[in-house]
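Visitor: below is the structure, and that's it, no one-letter string:
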């Protein structure tokens, strides 16, 4: 007898629920609908040094200042202690404090009342720059009101 190629019940891959193989795990170990294969998920891992330092310095502590209790951040407390040591003459504390100030604010002079040059000073600078641009070494002409020149 020959086998026929006609489809017969029981020949399909989904017809036998107990069939186990690639893509067909045993029924008791299959995930139930709505159940995750990794319920707890990937562990978060350790925080980095930057996060740990920030968390620690952002905590509040209670200190007594002039008889009054105040809540300030640890970051502020460390800066206050460093500034107090620098003010008492501790060279290392002063060096550290200045390095922090330079890092935070930079080298720029940020005073709003910077002294501006007068018009006369600006003319002198402009005259000098023109002489430099042309390559001549012409001396600046003295003012007529200048009596200090004996050759005039």
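Guide: Right, received. Where do you want to start? From a predicted model like this one, the values you see are computed outputs, not experimental measurements. Numbers count the residues shown, from 1 in each chain.

Visitor: please count neighbours and contacts with C-alpha atoms only from this point.
Guide: Noted.

Visitor: tell me, what residue is most central in the chain?
Guide: residue 50 (10.4 Å; CA atoms, centre = their mean).

Visitor: what separation do you get for that residue and residue 56?
Guide: As defined by CA to CA, to the nearest Å, residue 50 lies at a distance of 10 Å from residue 56.

Visitor: and for residue 49?
Guide: Relative to residue 56, residue 49 is positioned 10 Å away (CA to CA).

Visitor: which of the two has more residues huddled nearby?
Guide: The residue with more neighbours, out of residue 49 and residue 56, is residue 56; 13 against 9, by other CA atoms under 10 Å.

Visitor: so what's the residue count around residue 23?
Guide: Look at residue 23: counted by other CA under 10 Å, it has 6 neighbours.

Visitor: correction: the previous question concerned residue 63.
Guide: Residue 63: 14 surrounding residues under other CA under 10 Å.

Visitor: now it, what's its secondary structure?
Guide: strand (DSSP: H, G, I helix; E, B strand; the rest coil).

Visitor: that one bridge partners, please.
Guide: Residue 63 has these beta-bridge partners by DSSP bridges: residue 70.

Visitor: isn't it right up against residue 76?
Guide: No. Between residue 63 and residue 76 there is no contact, the gap being 11.3 Å when judged by CA atoms under 8 Å.

Visitor: now do the helices in this structure.
Guide: Assigned by DSSP state H, the chain shows helices spanning 49-57, 74-87, 91-105, 119-134.

Visitor: now render the ones you listed as CSV, adding mean pLDDT and distance to residue 41.
Guide: What follows is the helices of the chain, written out as CSV (pLDDT from 0 to 100; distance: least, CA to CA, whole Å):
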stretch, mean pLDDT, distance to residue 41
helix 49-57, 93, 22
helix 74-87, 95, 35
helix 91-105, 91, 40
helix 119-134, 85, 70
